[in-house]
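Participant: Return atomic coordinates for the entry below.
(chains A and B)
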2 protein chains.
Amino acid sequence: MNSPYTNLFIKHFPFWEHLSQREKELMAENTESASFKTGEMLYGGEEDCAGIIIVETGQLRAYMLSEDGRDITLYRLFEDDVCVMSASCVLEAVTFDVFIEAVTDSSILVINSKVFKDIVKQNIHVDEYMYRLATIRFSDVMWSMQQILFMSFDKRLAIFLLEETEKNSSNEIKFTHEQIAKLMGSAREVVTRMLKYFSDEGIVTLSRGMITIKDKEKLKKII
Amino acid sequence: MNSPYTNLFIKHFPFWEHLSQREKELMAENTESASFKTGEMLYGGEEDCAGIIIVETGQLRAYMLSEDGRDITLYRLFEDDVCVMSASCVLEAVTFDVFIEAVTDSSILVINSKVFKDIVKQNIHVDEYMYRLATIRFSDVMWSMQQILFMSFDKRLAIFLLEETEKNSSNEIKFTHEQIAKLMGSAREVVTRMLKYFSDEGIVTLSRGMITIKDKEKLKKII
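Facilitator: As a prediction, this is how the structure comes out:
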């Protein structure tokens, strides 16, 4: 049987060749597509266990939440990324809550966690894949944490802006200060103040919902 | 062949039954014991890849370091704990630097990373174990991070003191303020100030290198 997802699965899952025919069918039968608008939450809370997510288009953000509602971005997911944190009931070693929202309009595929849980139990290759991917994500998270805890904010913001221009191959960054604050695990006021400083220095120009990089070399020197 | 470590390996490694006789021998032949004094660093830096650590006695602390030398405790390791982060060259998905030091005088066993790397490549069960354990540790780290980033310091210190009394089944906590600051990822001044407050409230009494819990119920109410 060849499902419409077969090629996608082959591309994303190194364990594919180790699945039985029945396991391949089960995965295909339990995959659904979904779309989310900018800012919409697609995963979150203790009870949630959606499943494995493949990002088809758009951008997602995984974050953790404090009791009083503050959040810290753990990592971002881009086109073709796979997320296993959204299947915490499959990953029994993960004991904290992750929330995921759409940073831009996004379409995703979700492979139901229930069927995945069964396959993980039967198949060590799938099990290994889940934990390896979790380790990769956590390693990214540690990098973010190191930045938040150790690095001065001007450096962090400079790195963020440079990365965004590279991702989009454009000197225009279409984020509000509020969005940048969320993505960086900071507060809007802090972002606005530092951007104002960058603007005064002639590094950027600011307009509504957009930041334009004017002097990339000067921005790089801050790092 | 039965090495002096066989029973220990059976106890710690669920993958043991999946090893070939040769793999079992290789592990035993490449295991060494080592002792470290309080405060001694036993693992650290980019180049290091000691191997898998089993804590026999004592207590270790894994931490990350900023460029200017500040550190944040990621997790602690107690008797019978296994650490895979000390074999970062085996765990290719881990891309940040971990340092490990002895919190108290400690004796450990180290299984050489070179031999482990070969076994991981051959044996998916060992591979799965490595990544599962890494995920468990990272999950602990996330809990620490959530505390550091979100929780007020009085709560964190109260939790720390209560946990220590439980670990040692004693109301006496034999740590200096400096040591507590390190373990909590804080500064000595902050710890001293809060302990002084706890002391004024009659919750603890302070003496050189030791804190004694006087009113556990009051301490619990802070949380």
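
Participant: For the rest of this, base every contact and every neighbour count on C-alpha atoms.
Facilitator: Fine.

Participant: Kindly provide the distance from A:Q147 to A:R76.
Facilitator: 15 Å (C-alpha to C-alpha, to the nearest Å).

Participant: ok, those two, which is more surrounded?
Facilitator: Taking other C-alpha atoms under 10 Å in any protein chain shown, A:Q147 and A:R76 do not tie; A:R76 has more neighbours (20 against 17).

Participant: and the more buried one, that's in a strand?
Facilitator: Yes - read with DSSP: H, G, I helix; E, B strand; the rest coil, A:R76 is one of the residues of a strand.

Participant: Can you tell me the closest non-neighbouring residue to it?
Facilitator: A:R61 (4.5 Å; C-alpha to C-alpha, 6 or more residues apart in numbering or on different chains).

Participant: which strands and helices sit next to whichever strand or helix holds the one you found?
Facilitator: Assigned by DSSP states H and E, A:R61 belongs to strand A:60-65. Judged by 3 or more C-alpha pairs under 8 Å, 6 or more residues apart in numbering or on different chains; DSSP states H and E, the packing partners of strand A:60-65 are strand A:71-77, strand A:99-102.

Participant: how about these, which one is nearest A:L183?
Facilitator: Closest of the helices and strands packed on strand A:60-65 to A:L183 is strand A:71-77, at 5.4 Å (criterion: C-alpha to C-alpha).

Participant: Surely A:S66 and B:F150 touch.
Facilitator: Yes - taking contacts as C-alpha atoms under 8 Å, A:S66 lies within contact range of B:F150: 5.8 Å.

Participant: Give me the more crowded residue out of the two.
Facilitator: B:F150 (18 against 13).

Participant: gap between that one and chain A?
Facilitator: Distance, B:F150 to chain A, by C-alpha to the nearest C-alpha, to the nearest Å: 6 Å.

Participant: need the contact list for that residue.
Facilitator: A:S66, A:R70 (C-alpha atoms under 8 Å, 6 or more residues apart in numbering or on different chains).

Participant: The residue of chain A found nearest chain B: helix or strand, and which one exactly?
Facilitator: Per C-alpha to the nearest C-alpha, the residue of chain A with the smallest distance to chain B is A:E128, at 4.4 Å. Assigned by DSSP H and E, A:E128 belongs to helix A:124-150.

Participant: Now the element after that helix, going C-ward?
Facilitator: Next element after helix A:124-150 (DSSP H and E): helix A:153-168.

Participant: Per-residue pLDDT of the most centrally placed residue in chain A, please?
Facilitator: Geometric centre of chain A, nearest residue: A:R76, 2.3 Å, by C-alpha atoms, centre = their mean. For A:R76, the model assigns a pLDDT of 88.

Participant: Count the neighbours of A:T135 for me.
Facilitator: Residues contacting A:T135 under the criterion other C-alpha under 10 Å number 27.

Participant: excluding its backbone neighbours, what's nearest it?
Facilitator: A:T135's closest residue in space is B:T135 (C-alpha to C-alpha, 6+ apart), at 5.6 Å.

Participant: got it, and A:I111?
Facilitator: Using C-alpha to C-alpha, 6+ apart, the closest residue to A:I111 is A:T31 (4.3 Å).

Participant: so what's the one you found up against?
Facilitator: A:L109, A:V110, A:I111, A:N112.

Participant: Take those and keep only those in strands.
Facilitator: Among the contacts of A:T31, the ones falling in strands (DSSP state E) are A:L109, A:V110, A:I111, A:N112.

Participant: before we move on, the earlier item: check the average confidence over the strand holding A:R61, would you?
Facilitator: On average, strand A:60-65 scores 88.

Participant: Next: stretch A:142-160.
Facilitator: Here the average pLDDT along stretch A:142-160 is 81.

Participant: Then stretch A:39-48?
Facilitator: Taken as a whole, stretch A:39-48 has an average pLDDT of 82.

Participant: Wondering if that stretch reaches chain B at all.
Facilitator: No - applying C-alpha under 8 Å from any C-alpha of the partner chain, one finds stretch A:39-48 separated from chain B by no less than 14.5 Å.

Participant: in that stretch, what's buried?
Facilitator: A:E40, A:M41, A:L42, A:Y43, A:G44, A:D48 (16 or more other C-alpha atoms under 10 Å in any protein chain shown).

Participant: what's the distance between that stretch and the middle of its chain?
Facilitator: The chain centroid and the centroid of stretch A:39-48 are separated by 13 Å, computed with C-alpha atoms, centre = their mean, to the nearest Å.

Participant: Mind listing residues that contact it?
Facilitator: With C-alpha under 8 Å, 6+ apart, stretch A:39-48 has contacts from A:F36, A:C49, A:A50, A:S86, A:D97, A:V98, A:F99, A:I100, A:E101, A:A102, A:V103, A:T104.

Participant: and which of the residues you listed is nearest to B:L206?
Facilitator: Checking these one by one against B:L206 (C-alpha to C-alpha), the nearest turns out to be A:D97, at 36.9 Å.

Participant: Run a quick neighbour tally on the nearest residue to A:Y63 once chain neighbours are set aside.
Facilitator: Spatial nearest neighbour of A:Y63, excluding adjacent residues (C-alpha to C-alpha, 6+ apart): A:T73 at 4.3 Å. Taking other C-alpha under 10 Å as the criterion, the count of residues near A:T73 is 22.

Participant: What of A:K167?
Facilitator: With other C-alpha under 10 Å as criterion, A:K167 counts 9.

Participant: For it, give me its contacts.
Facilitator: So A:K167 contacts nothing (C-alpha under 8 Å, 6+ apart).

Participant: Flag every residue of chain A that's near chain B.
Facilitator: So chain A meets chain B at A:64, A:66, A:70, A:93-96, A:124-125, A:127-129, A:131-132, A:134-136, A:138-140, A:142-143, A:145-146, A:150-151 (C-alpha under 8 Å from any C-alpha).

Participant: For B:Y63, see how far away the nearest residue to A:F198 once chain neighbours are set aside is.
Facilitator: Of all residues not flanking A:F198 in the chain, A:V204 sits nearest, at 5.9 Å (C-alpha to C-alpha, 6+ apart). According to C-alpha to C-alpha, A:V204 and B:Y63 sit 37 Å apart.

Participant: cool, and A:G202?
Facilitator: For A:G202, the distance to B:Y63 (C-alpha to C-alpha) stands at 39 Å.

Participant: Comparing those two, which residue is more hemmed in?
Facilitator: Neighbours were counted for A:G202 and for B:Y63 using other C-alpha under 10 Å; B:Y63 has more, 22 against 14.
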